[in-house]
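Participant: quick one: sequence and predicted model below, then my questions.
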Amino acid sequence: MKILTFLTDFGSNNSYVAQMKGTALSLTDANIVDITHNISPHNISEGACVLLTSVPYFPAGTVHVAVVDPGVGTNRRGLVITTRTQILIGPDNGLLIPAAKHLGYFTVYEIVNPKLMLSPISSTFHGRDIFTPVAAHILNGVSFDQIGPIINDFTDLDFGKFEISDKTVTGKIIFVDNFGNIITNIDGNHLKKVISYGEKIIVLIGDKQYTIPFVKSYSFVKKGELVAIIGSNNFFEIAINEGNAAKKIGIKQDDVIKIIF
Amino acid sequence: MKILTFLTDFGSNNSYVAQMKGTALSLTDANIVDITHNISPHNISEGACVLLTSVPYFPAGTVHVAVVDPGVGTNRRGLVITTRTQILIGPDNGLLIPAAKHLGYFTVYEIVNPKLMLSPISSTFHGRDIFTPVAAHILNGVSFDQIGPIINDFTDLDFGKFEISDKTVTGKIIFVDNFGNIITNIDGNHLKKVISYGEKIIVLIGDKQYTIPFVKSYSFVKKGELVAIIGSNNFFEIAINEGNAAKKIGIKQDDVIKIIF
Amino acid sequence: MKILTFLTDFGSNNSYVAQMKGTALSLTDANIVDITHNISPHNISEGACVLLTSVPYFPAGTVHVAVVDPGVGTNRRGLVITTRTQILIGPDNGLLIPAAKHLGYFTVYEIVNPKLMLSPISSTFHGRDIFTPVAAHILNGVSFDQIGPIINDFTDLDFGKFEISDKTVTGKIIFVDNFGNIITNIDGNHLKKVISYGEKIIVLIGDKQYTIPFVKSYSFVKKGELVAIIGSNNFFEIAINEGNAAKKIGIKQDDVIKIIF
C-alpha cells in the first residue's frame, strides 16, 4: 500500500488541494490521507508542529507532502528528506525539519530534476507542480539520486529548548488545539521526574499567574476548571475540563510559560 | 473492501485525526472515510445524531470509530458494539447508542484486552490508542470474544419521544445543519398521517409563533421564506428557501418545538 | 483505479457528505476524493469556479459529482455530462458547464432511469439519492444510453468575458481564496501580451484605485504590500504578500475590476 499525506495552509473552500490530489492520482495509485489543510496561512512553525506530531503514527514508506510556503516563486529550494522510515517533501523553510529530526537518520536532497515536475511550472503553486509529482514518482520507485544533490545548509527550525531548574520549568507555547488546549514545548518525561501527579503547580503566562492541579487527564478536575497534564504527544499542556483554556487565558503561539513547583 | 469511518470533535486544524489514520494504516489496509471531525467540542448528543444519520448508508461490514469523549482518562469504559450489519466503536457515554438501535440486533462488548491496544496508552487520547487499533484488529478478522465481556449496563442515550395528539405535535430540535435548517426528532412518516402537503401549520418555538407552509421541498416557497418539510433523513424540518432559518428564529439544540395544525 | 470526487455546499459538520460516501461505497469500490464541501451555501457560480479549476488535474475516467442545488425537489433536471476524458454529474443549474466546456467535446444526458437511483428518492437530497448512485453505476460500467435522453437546452453558465482595449483590461472577480487572494476572470496569456512583468499597473475596483506592481509571484514585493500576478490557474489575481487582499480592499464575488497600464 502506497500512502501519500498532505499538510497545507490552503484551507478547504477552494480547488488547490483537489488540484494536488488529481495530480497525484494522475501519476500513481496512492492512498491519500489529509493531515490538515487548515494551518494558519503562512504559519510555518504551526505547520511544522502538526507535521511533527503526525508522522510518528504512519507506517514505514509513507510519503508526506507539506506546503506552507510563503516564499514560493523566489529562489527558496524544494526538498526531499529521507529518514529512517518515511519521506518528507516540501519547501526549504524549516517546515519539514522537526519531523525529520524526530524520524531520525535524515538526508536532505534538493529537488532539481525537471523530469520529476509538471510542465509548465507556475510561480505560485509548487505544491501542485513540483512537490506532488516528485512524491508520486518516489512512490512509484524513482531512486533518490534522481532528485538532485544532497545538501546540508537547509533552513533549520526547532521549537526552542525548555529549561528545568531547581524549582522552575520554562518553556513556550507551540500550539493551541481545537478544544483550546494550550500545548507547550516542555517534554512530559522530564517533567514527570520533578513533579508528581496530584501536586499543585504555579503557572506564569505573561503577567498572569494560575495555581493548577497537575493530573492524569482532563476530567480529574470539575467541568470548567483549569488542569495541567501531559498530553497525548507527551508535551506539557494546560486545559480546561470541557472548556477553552486558550480563550480564557488569552495566550498566543510562542508565548513564554513558566512553571513553579 | 475494508471500510473504516471516523467521527470526532477534534476539528481539522491539528494532528489528532492524522494520528488516528496513521495508526489505522499501520495495522490494516482499510479504506478510510471521514464522517466529520467538526462535532461541537464535547457535544455527545450532536455526535450521536450525526452518527445515527450516517450509518444507514454504509455497506455491511463497515467499522465506525466515533470519539466525542469528555470523560477520557476516567474509568468510563470503551465499547465495541456489533449490530446486524456494521460495527460501532467508541466511549461508553451514549454516543454510539442511537446508531446501534437503528442498525438493530446489537450486542455491547467492553474493551479490556490490552493486546488490541497501542502501548503505552495515553490518558487523554483513547481514540488513537484504543478505539482505532481495536477497529483495525476487527477489520483484520479478530473475533469479538477477544475484545472483552458482553455488558448490558451501558450508558443509554436517545433523542426523546415526540408526541402527536389530536391537533398538535410536540418534539425537540436535535440538529442544525450547515444551511441553518432546523432538524427535529419528529418522525416524518407519523407526521404525514396527520398533515397533508400544501397545508399551513403553526409552529411554536420558545415564545415565538410562525405560520409556515408544509411542502415537499425548499423551493416550493419563495426565496427567503420559511418552509416546513420532511427532510432527507425523514425528520420534520424547518428551513428558509436559500436562507438560514436557525439564525432567523434564534434556536438552539434541545429547544422544544410544537406544531399546531 | 475508479476515482469519484465530490464537490458540495454541505459543510463538514453534518452527515450529508458521509451519506453520499456510504451510498457510493455500497455500490462500487471507488477511490473517493473530496474537492470541497465548503462552497458558500447555494452559490452555484462559486461551485462552478472550483469545479472548473479542479478537473484539469484529474486522470481520464474520473467521475465528478457536484451538488450545489438550491432547486432540489422542483422540476430542475439532473445531468450526466460526458467529455473528452472525464464525467460530470449534478443538477441542471449551470454548475457543471464551465468544467464541461473546459474538458471539451461534451454531451449532456438527462438522468431519467429510476433503476440507477436509490428508492425511495427524497425531495431534498438528490446528491445522495440520484447523483451518487448514478456515478457509482457509471464507474461500474453502465452505458451512457441507459441514463436518459441527450439534451441541448441545459442551463448555461459562464464567468463573463473580459475585455482588452488599448490601455485597459476590464473583467470581474470570480473567486476569493483562503489567503484572501482575489482571482478574476482575466486570462493570463492575453494579459502577458499587453503588460510585462516589472511594470506598475493601476487597478480600479468600485471607487477605489491602487497602483500595484505586476510580478511573477507574491514574494516579489515586501510583506504586507499589494501585488498583481498571474495565478496558478492562469487567471489575473491581486494579492498581498503574506496578507489578505480581499479583506483590505473589501471586494466581493462578481465585482468589476479594471486595469489601466
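Facilitator: Everything's here; your move.

Participant: what is the burial count for whichever residue of chain A sits closest to chain B?
Facilitator: Chain B sits closest to residue A:217 of chain A, with a gap of 2.3 Å, by Cβ to the nearest Cβ. For the C-beta atoms, the positions are set from N, CA and C on the backbone; glycine is no exception. By the criterion of other Cβ atoms under 10 Å in any protein chain shown, residue A:217 has 22 neighbours.

Participant: what about the residue nearest to it when sequence neighbours are not counted, which SS state?
Facilitator: Leaving out its chain neighbours, the residue that sits closest to residue A:217 by Cβ to Cβ, 6 or more residues apart in numbering or on different chains is residue B:73, at 2.3 Å. Here residue B:73 is recorded as coil under DSSP: H, G, I helix; E, B strand; the rest coil.

Participant: then residue A:95?
Facilitator: Strictly by three-state DSSP, residue A:95 counts as coil.

Participant: need the pLDDT of residue A:207.
Facilitator: pLDDT recorded at residue A:207 is 88.

Participant: what are the phi and psi angles of it?
Facilitator: phi -100, psi 20 (degrees, to the nearest 10).

Participant: ok, it - contacts?
Facilitator: By Cβ atoms under 8 Å, 6 or more residues apart in numbering or on different chains, no residues touch residue A:207.

Participant: how much space between it and residue A:97?
Facilitator: 33 Å (Cβ to Cβ, to the nearest Å).

Participant: and the strands in chain A?
Facilitator: Taking DSSP state E, the strands of chain A run over residues A:3-8, A:31-36, A:63-67, A:78-82, A:87-91, A:107-110, A:163-164, A:168-176, A:182-187, A:200-205, A:208-213, A:226-230, A:235-240, A:256-260.

Participant: can you dump the C-alpha coordinates of the second one into PDB?
Facilitator: What it means is strand A:31-36. The C-alpha trace of strand A:31-36 is given here as PDB (Å, rounded to 0.1, in the frame of the first residue of the first chain):
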ATOM      1  CA  ASN A  31      -3.900   6.000  -0.800                       C
ATOM      2  CA  ILE A  32      -4.200   9.700   0.000                       C
ATOM      3  CA  VAL A  33      -4.500  10.900   3.600                       C
ATOM      4  CA  ASP A  34      -5.200  14.600   4.600                       C
ATOM      5  CA  ILE A  35      -3.200  15.600   7.700                       C
ATOM      6  CA  THR A  36      -4.800  19.100   7.600                       C
END
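
Participant: outside of that strand, which residues touch it?
Facilitator: A:1-8, A:17, A:21, A:24-25, A:50-51, A:54, A:64, A:66, B:12-15, B:17-18, B:21-22, B:25, B:32, C:33.

Participant: ok, the shortest one next?
Facilitator: Residues outside strand A:163-164 that contact it (Cβ under 8 Å, 6+ apart): A:169-171, A:190-191, A:194.

Participant: of those residues, buried ones?
Facilitator: A:169-171, A:191 (16 or more other Cβ atoms under 10 Å in any protein chain shown).

Participant: the residue of chain A found nearest chain C: how many residues sit nearby?
Facilitator: Per Cβ to the nearest Cβ, residue A:73 is where chain A lies closest to chain C, at 2.3 Å. Neighbourhood size, residue A:73 [other Cβ under 10 Å]: 20.

Participant: and it, how far is that from residue C:56?
Facilitator: 21 Å.

Participant: next, residue A:95: phi, psi?
Facilitator: Torsion angles, degrees, to the nearest 10, at residue A:95: phi -50, psi -40.

Participant: mind checking pLDDT for it?
Facilitator: The model's pLDDT for residue A:95 equals 98.

Participant: that one: how many residues sit nearby?
Facilitator: Residue A:95: 27 neighbours (other Cβ under 10 Å).

Participant: low-confidence ranges, the stretch 101-250 of chain A, go.
Facilitator: Within the stretch 101-250 of chain A, no stretch has pLDDT under 70.

Participant: which parts of the stretch 101-250 of chain A are helices?
Facilitator: Under the criterion DSSP state H, counting those that start in this stretch, the stretch 101-250 of chain A contains helices at A:126, A:132-139, A:188-194, A:245-249.

Participant: let me see the contact set for the residue of chain A closest to chain B.
Facilitator: So residue A:217 contacts A:229, B:72-74, B:123-124 (Cβ under 8 Å, 6+ apart).

Participant: check the residues you listed for burial and list the buried ones.
Facilitator: A:229, B:72-73, B:123-124.

Participant: and the spatially closest residue to residue A:237 that is not a sequence neighbour, how far from residue B:38?
Facilitator: Closest residue in space to residue A:237, ignoring its immediate chain neighbours: residue A:231 at 3.9 Å, by Cβ to Cβ, 6+ apart. Distance of residue A:231 to residue B:38, given as Cβ to Cβ: 21 Å.

Participant: looking at those two, which one has more neighbours?
Facilitator: residue A:231 (24 against 20).

Participant: phi and psi next, for the more buried one.
Facilitator: Here residue A:231 shows phi and psi, under degrees, to the nearest 10, equal to phi -70, psi -180.

Participant: check contacts around it.
Facilitator: Per Cβ under 8 Å, 6+ apart, neighbours of residue A:231: A:181, A:183, A:188, A:237, B:122, B:124-125.

Participant: out of those residues, the closest to residue B:83 would be?
Facilitator: For the contacts of residue A:231, the minimum distance to residue B:83 (Cβ to Cβ) is 26.0 Å, reached by residue B:125.

Participant: surely residue A:241 and residue A:215 touch.
Facilitator: No - in terms of Cβ atoms under 8 Å, residue A:241 does not count as a neighbour of residue A:215; the distance is 9.9 Å.

Participant: hey, what's in contact with both of those two?
Facilitator: By Cβ under 8 Å, 6+ apart, the residues touching both residue A:241 and residue A:215 are A:221, A:227.

Participant: where's residue A:203 relative to residue A:218, distance?
Facilitator: Counting by Cβ to Cβ, the gap from residue A:203 to residue A:218 is 16 Å.

Participant: oh, that last question was meant for residue A:161, not what I typed.
Facilitator: Residue A:161 is 27 Å from residue A:218, where distance means Cβ to Cβ.

Participant: circling back to that earlier point, distance to chain C added to the helices of the stretch 101-250 of chain A, as CSV?
Facilitator: Supplementary listing: the helices of the stretch 101-250 of chain A in CSV, determined by distance: least, Cβ to the nearest Cβ, whole Å:
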stretch, distance to chain C
helix A:126, 9
helix A:132-139, 9
helix A:188-194, 32
helix A:245-249, 20
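
Participant: distance to residue A:256 added to those, as CSV?
Facilitator: As requested, those are exported to CSV (distance: least, Cβ to Cβ, whole Å):
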stretch, distance to residue A:256
helix A:126, 35
helix A:132-139, 37
helix A:188-194, 16
helix A:245-249, 13
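
Participant: of all these, which one is nearest residue C:145?
Facilitator: That would be, of the helices of the stretch 101-250 of chain A and by Cβ to Cβ, helix A:132-139, which comes in at 35.6 Å.

Participant: returning to what we had before: more neighbours: residue A:161 and residue A:218, which one.
Facilitator: The neighbour comparison of residue A:161 against residue A:218 (other Cβ under 10 Å) goes to residue A:218, with 28 against 11.

Participant: wait, isn't that one in contact with residue A:243?
Facilitator: No - between residue A:218 and residue A:243 there is no contact under Cβ under 8 Å: 9.4 Å.

Participant: can you tell me which residues contact residue A:205?
Facilitator: Here residue A:205 is in contact with A:173, A:249, A:251, A:255-258 (criterion: Cβ under 8 Å, 6+ apart).

Participant: spell out which parts of the stretch 151-261 of chain A neighbour chain B.
Facilitator: A:175, A:177-179, A:216-220, A:229-233, A:241-242, A:244 (Cβ under 8 Å from any Cβ of the partner chain).
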